[in-house]
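Student: sequence and predicted structure below; questions after.
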Amino acid sequence: MVYKSTHGRTVRGSAIHDTGDVKKKRSKHVLDKTRDTKWHKDKEAKEIEELKKEKMEGLGGLERERIEAAYLIPEIENFVETDNVKNIEERVKLWLGAGYPVHIIGPTGCGKTTVAMKVAQDLSRPVVWINGDDQVTTTDLIGGYSQIESETLRDRYIHNVFKGKDILKADWVDNPLTLACKYGYTLVYNEFSRTKPVANNILLSVLEEKILELPTKYGEERYIKVHPDFNLILTSNSIEYAGVHRAQDALLDRTVGIYMDLYDSDTEIKIVEAHTRIATPEAEEIVRVIGNIRRKVPDAEKPGTRACIMVANGIMASNGYAEKNIDQLYLDILATKVKGPEDLNQKQKLVSEALSKPTAKST
């Protein structure tokens with residue numbers, strides 16, 4: 001049955017009685033007419049510009065700078081560059097320039113991290129940083145989904161037209177390895193050997209195929225081609241130190257290993273002076289005593305240059321205490337690696353002997 005109007009009366013230009021089809025056509029006409037207005041076109045243009053801005057920020061703008069800032073390398077202070085140090089720096093730069101990642105290995109406190117940071121900054125590329133430990137996972141290296149974001153859109157053009165949309169978006173955050181591979185940064189991976197080998201498996205494809213795989217992503221976003229300017233510097237303690245894991249041979253075979261030993265006496269004296277502003281004669285005495293102790297203990301217990309700096313800082317802050325208790329000050333520094341009372345007594349004897357028996361400088 002089709003309704004037919006029996007009169008021509010209207011209200012506000014519309015017939016009093018209309019069929020459903022007529023009402024639908026009229027609503028569509030009003031909506032189309034509204035969408036053609038200047039206000040609506042300006043609104044759409046503004047929304048498009050905002051989306052473009054958000055995309056640019058996500059790719060290389062403010063958001064990227066914010067994420068990078070969380071991993072930027074620490075500042076180097078009081079760096080001492082002697083011929084010995086320059087030689088190591090030049091070797092690291094040589095192999096990086098040849099396209100190989102460099103693994104700096106050596107005893108604790110010998111300056112591995114400082115050299116790695118100095119070389120990274122000299123490359124004139126942005127630098128990102130991560131510290132290895134037993135709890136580091138692959139996600140800590142590459143990144144992951146930090147949250148699920150719910151976004152609701154509501155557009156109202158006229159009073160009887162309603163459009164709604166709910167969007168769930170996973171928010172991915174890049175971590176240091178992904179940032180470095182994607183944008184060609186230098187990654188300094190400090191204490192690399194303290195991370196469990198399984199977490200570092202992700203590096204194999206980066207070094208061999210020049211591809212970083214993001215296991216939790218899908219489609220084209222799962223694979224990132226490594227930027228040609230990407231550099232990797234690893235630092236590790238020697239394998240005999242506690243808490244150190246042996247890395248996979250497949251990974252070590254793709255790196256160049258540079259062994260850093262403890263510095264010679266002249267270099268250590270300059271480093272102690274630069275870090276503490278202590279007088280030269282006192283710096284020489286500290287390096288002499290620590291060097292003498294160093295020659296009488298196992299490799300994993302050898303006090304490094306850091307111990308010399310700590311002794312100097314202790315003397316500077318002692319307010320006269322060190323003059324009468326210098327042996328106790330040295331013992332406090334060495335006691336961090338004692339195994340018990342008997343070992344502590346042995347260390348005390350070493351300190352007493354080192355303080356009473358001057359020896360020639362080590363080379």
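Tutor: Structure received.
Student: so the chain: which segments form each domain?
Tutor: As given by automatic domain parsing, the domain ranges for the chain are 18-60, 77-259, 265-356.
Student: mean neighbour count and mean pLDDT for these - can I get that in JSON lines?
Tutor: For the C-beta atoms, the positions are set from N, CA and C on the backbone; glycine is no exception. Output for these, formatted as JSON lines (neighbours: other C-beta atoms under 10 Å; pLDDT from 0 to 100):
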{"stretch": "domain 18-60", "mean neighbour count": "11", "mean pLDDT": "55"}
{"stretch": "domain 77-259", "mean neighbour count": "16", "mean pLDDT": "85"}
{"stretch": "domain 265-356", "mean neighbour count": "17", "mean pLDDT": "89"}
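Student: next one: residue 112 from residue 93, what distance?
Tutor: Residue 112 sits 15 Å away from residue 93, going by C-beta to C-beta, to the nearest Å.
Student: ditto for residue 329
Tutor: Following C-beta to C-beta, the distance that separates residue 329 from residue 93 is 39 Å.
Student: now residue 201
Tutor: Distance from residue 201 to residue 93, by C-beta to C-beta: 28 Å.
Student: repeat for residue 194
Tutor: 25 Å.
Student: kindly report the same for residue 257.
Tutor: 16 Å.
Student: ditto for residue 116
Tutor: In terms of C-beta to C-beta, residue 116 sits 11 Å off from residue 93.
Student: again, but for residue 261
Tutor: Counting by C-beta to C-beta, the gap from residue 261 to residue 93 is 19 Å.
Student: where's residue 313, which helix or strand?
Tutor: Counting by DSSP states H and E, the element that carries residue 313 is helix 305-317.
Student: name the residues that touch that helix?
Tutor: Residues from elsewhere that reach helix 305-317 (C-beta atoms under 8 Å, 6 or more residues apart in numbering): 108-111, 262-263, 268, 271-272, 275-278, 282-283, 286-287, 289-290, 322, 326, 329-330, 332-334.
Student: please repeat the previous calculation with a cut-off of 7 Å.
Tutor: 109-111, 262-263, 268, 271-272, 275-276, 278, 282-283, 286-287, 290, 322, 329-330, 333 (C-beta atoms under 7 Å, 6 or more residues apart in numbering).
Student: which residues touch residue 103?
Tutor: Contacts of residue 103 (C-beta under 7 Å, 6+ apart): 234, 236, 255, 256, 257.
Student: tell me which element residue 247 is part of?
Tutor: Using DSSP H and E, residue 247 falls within no helix or strand.
Student: ramachandran coordinates for it?
Tutor: phi -70, psi 160 (degrees, to the nearest 10).
Student: how near is the nearest residue to residue 330 once chain neighbours are set aside to residue 331?
Tutor: Take residue 330 and drop its neighbours on the chain: the residue closest to it by C-beta to C-beta, 6 or more residues apart in numbering is residue 351, 4.7 Å away. From residue 351 across to residue 331, the span is 5 Å (C-beta to C-beta).
Student: next one: residue 139
Tutor: Relative to residue 331, and taking C-beta to C-beta, residue 139 is found at 43 Å.
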